[in-house]
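> Sequence and predicted structure below; questions after.
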Amino acid sequence: MATMATATRAGFVNGRFVRPGDPIGVEQKPLSAMTKAELIAEAERLGVAIESSATKAEILQALEAA
C-alpha cells in the first residue's frame, strides 16, 4: 500500500496552502516495488539497522517488521 506524504508545517506546496498533516500529493512507492538501493535509503531514513550483506528480501522483511 502506498502512503501519502503529509505536510509537517503550514505553507505553500505546489501553489496550494497546506496545514500540518495535510496530504501534499507525493506518493511513496510500496516497499515491494522499491529497488534494493531505495530500500536501504528507506531503512536509513527510518533508523532501521541493516547488515551490509543483507539481501533485498531481508531488508524488506526488516522494514515491514519496523
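Received it, and whenever you're ready, just let me know what you need. Numbering: from 1, shown residues only.
> So for the strand or helix carrying A57, what gets flagged as buried?
Assigning secondary structure by DSSP states H and E places A57 in helix 56-65. Within helix 56-65, the residues that qualify as buried are I59, L60, A62, L63, counting by 16 or more other CB atoms under 10 Å. All C-beta spots, glycine's among them, are computed from the backbone N, C-alpha and C.
> List the contacts of the third one.
Residues in contact with A62 (CB atoms under 8 Å, 6 or more residues apart in numbering) are A43, V48, A49, I50, A54.
> Equivalent analysis for the second one, please.
Applying CB under 8 Å, 6+ apart, one finds that L60 lies in contact with L31, S32, L39.
> Drop anything exposed from the contacts of A62.
The neighbour-count criterion (16+ other CB under 10 Å) marks A43, A54 among these as buried.
> And the residue of the chain most remote from its centre, how far from G25?
For the chain, the residue at maximal distance from the C-alpha centroid (CA atoms, centre = their mean) is G15, at 23.5 Å. From G15 across to G25, the span is 11 Å (CB to CB, to the nearest Å).
> again with Q61
The gap separating Q61 from G25 is 30 Å, by CB to CB.
> now swap in G47 and tell me
Distance, G47 to G25, using CB to CB: 26 Å.
> Tell me which of the two has more neighbours.
Counted by other CB atoms under 10 Å, G47 and G25 do not tie: G25 has more neighbours, with 11 against 7.
> Around the nearest residue to that one once chain neighbours are set aside, count how many other residues there are.
Spatial nearest neighbour of G25, excluding adjacent residues (CB to CB, 6 or more residues apart in numbering): N14 at 6.8 Å. For N14, the count of nearby residues is 8 (other CB under 10 Å).
> Confidence-wise, which helix or strand of this protein is lowest on average?
The weakest-scoring helix or strand in the chain, judged by mean pLDDT, DSSP states H and E, is strand 23-27 (a mean of 71).
> list the contacts for the residue nearest to G11 when sequence neighbours are not counted?
In this structure, G11 finds its nearest non-sequential neighbour in V18, 6.6 Å apart by CB to CB, 6+ apart. V18 is in contact with A7, A10, G11, F12, I24, counting by CB under 8 Å, 6+ apart.
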